[in-house]
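Trainee: Okay, structure incoming, though there's no sequence with it:
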């Protein structure tokens with residue numbers, strides 16, 4: 001990957017980003033790669049030398065990697081914790097691997113550290129975050145395959161990079177009470193873990209074979225793309241904010257019909273965006289699915305403005 005430096009970030013940080021020593025060892029696919037949609041994984045490998053990113057986009061990743069220094073310091077001379085051990089297993093002819101941050105040997109707890117936002121932590125405490133659940137269950141399965149070790153508990157140690165005492169005191173209880181939050185992750189059965197991993201491996205194997213033979217890729221799902229649906233905003237003349245935001249033109253028309261201010265009301269369509277594609281996918285410029293969606297959205301915007 002090539003890096004730009006649009007914001008004149010100091011050279012020490014640039015070097016730290018560029019000197020990333022991540023490796024999936026001699027495995028064909030890491031757990032991180034398996035959890036990606038095959039389209040992203042394959043395009044990333046195929047266009048590796050063409051990918052570009054700005055240094056500013058890698059800062060949070062760099063801070064996340066700084067956790068490794070913390071773990072090394074915390075466990076120096078200790079024998080009750082396995083730190084950053086890469087684990088391997090063979091699945092359907094592929095060697096896969098994953099590296100968790102730590103496994104506590106005294107209580108068989110597998111932990112993974114995440115540097116994230118307080119907002120993400122708040123949401124993860126309310127509802128399970130699927131990618132965290134999948135990732136840690138895959139690591140637990142790998143740990144058992146490699147060493148026979150049974151994991152009894154899964155924890156995300158979430159470090160809120162934007163935590164604020166002021167926000168906590170004003171939140172009324174929803175905001176994390178400290179910059180570090182321990183989030184318990186539900187444990188699947190051994191059978192569920194293995195079945196999930198085997199399905200992922202098969203999906204990627206089939207996608208790669210199809211790409212090599214036919215040059216085609218499986219499209220990312222709406223969930224993969226973090227797709228937001230179109231919304232219909234009922235606007236009143238002279239008012240900045242919408243009276244209502246609805247899910248369909250029909251609902252918006254029904255709301256307006258018979259409203260006491262019907263003559264002053266209109267509907268604005270806010271086209272849904274594929275958030276991952278637009279802001280977070282490294283291969284969006286090489287993705288036919290995304291490029292076609294962009295073209296469709298332009299045509300829809302023209303249609304809306306002309307309508």
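Mentor: Sure, I can see it. Since the model is a prediction, treat every value here as computed from it, not as a measurement.
Trainee: drop to CA atoms for contacts and neighbour counts, all remaining ones
Mentor: OK.
Trainee: dump the residue contacts of residue 97.
Mentor: Residues in contact with residue 97, defined by CA atoms under 8 Å, 6 or more residues apart in numbering, are 24-25, 27, 29-31, 86-89, 142.
Trainee: What's the PyMOL syntax to select whichever of those are buried?
Mentor: Command for PyMOL, covering only those of those found buried under the criterion 16 or more other CA atoms under 10 Å:
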select buried, resi 24+27+29+30+31+86+87+88+89+142
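Trainee: Let's see which of the contacts of residue 97 end up in helices.
Mentor: Counting by DSSP state H, the part of the contacts of residue 97 found in helices is 31, 142.
Trainee: tell me which of the contacts of residue 97 is nearest to residue 206?
Mentor: Within these, distances to residue 206 taken as CA to CA reach their minimum at residue 29, with 13.9 Å.
Trainee: hang on, the closest one packs against residue 90?
Mentor: No. Using CA atoms under 8 Å, residue 29 makes no contact with residue 90, being 10.6 Å away.
Trainee: so what's in contact with the two at the same time?
Mentor: residue 96.
Trainee: Might you calculate how far the longest helix belonging to the chain sits from the centre of the chain?
Mentor: Identified as the longest helix of the chain according to DSSP H is helix 190-214. Relative to the chain's own centre, helix 190-214 is displaced by 19 Å; criterion: CA atoms, centre = their mean, to the nearest Å.
Trainee: tell me the mean pLDDT over it?
Mentor: Average pLDDT, helix 190-214: 97.
Trainee: buried ones in it?
Mentor: Using 16+ other CA under 10 Å as the test for burial, helix 190-214 gives 193-194, 197, 200-201, 204-205, 207-208.
Trainee: That one packs against which elements?
Mentor: If contacts are counted by 3 or more CA pairs under 8 Å, 6 or more residues apart in numbering; DSSP states H and E, helix 190-214 sits against helix 31-35, helix 38-46, helix 130-147.
Trainee: Could you please name the strands the next helix or strand after the last one pairs with and the direction of each pair?
Mentor: Think helix 130-147. Next along the chain after helix 130-147, taking DSSP states H and E as the criterion, comes strand 153-160. Using DSSP bridges, the strands paired with strand 153-160 are strand 109-116 (parallel), strand 180-185 (antiparallel).
Trainee: Which residues outside the helix or strand following strand 153-160 are in contact with it?
Mentor: Proceeding N to C from strand 153-160, the next assigned helix or strand is helix 165-171, under DSSP H and E. Residues outside helix 165-171 that contact it (CA under 8 Å, 6+ apart) are 175-178.
Trainee: Now flag whichever of the residues you listed is closest to residue 20.
Mentor: residue 178 (29.6 Å).
Trainee: Spatially nearest residue to the closest one (excluding sequence neighbours)?
Mentor: Among residues not flanking residue 178 along the chain, residue 163 sits closest, at 7.4 Å (CA to CA, 6 or more residues apart in numbering).
Trainee: any idea how the chain splits into domains?
Mentor: Structural domains assigned to the chain are 2-214, 231-306, following automatic domain parsing.
Trainee: Format those domains as a markdown table; extra columns: distance to residue 225.
Mentor: Output for the domains of the chain, formatted as a markdown table (distance: least, CA to CA, whole Å):
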| stretch | distance to residue 225 |
| --- | --- |
| domain 2-214 | 9 |
| domain 231-306 | 5 |
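Trainee: ok, of those domains, where does mean pLDDT dip lowest?
Mentor: domain 231-306 (a mean of 88).
Trainee: Check the offset of that one from the chain's centre.
Mentor: Put simply, domain 231-306 sits 25 Å off its chain's centre (CA atoms, centre = their mean).
Trainee: Would you mind measuring from residue 278 to residue 226?
Mentor: 10 Å (CA to CA, to the nearest Å).
Trainee: count of residues packed around residue 121?
Mentor: Neighbour count of residue 121, defined by other CA atoms under 10 Å: 26.
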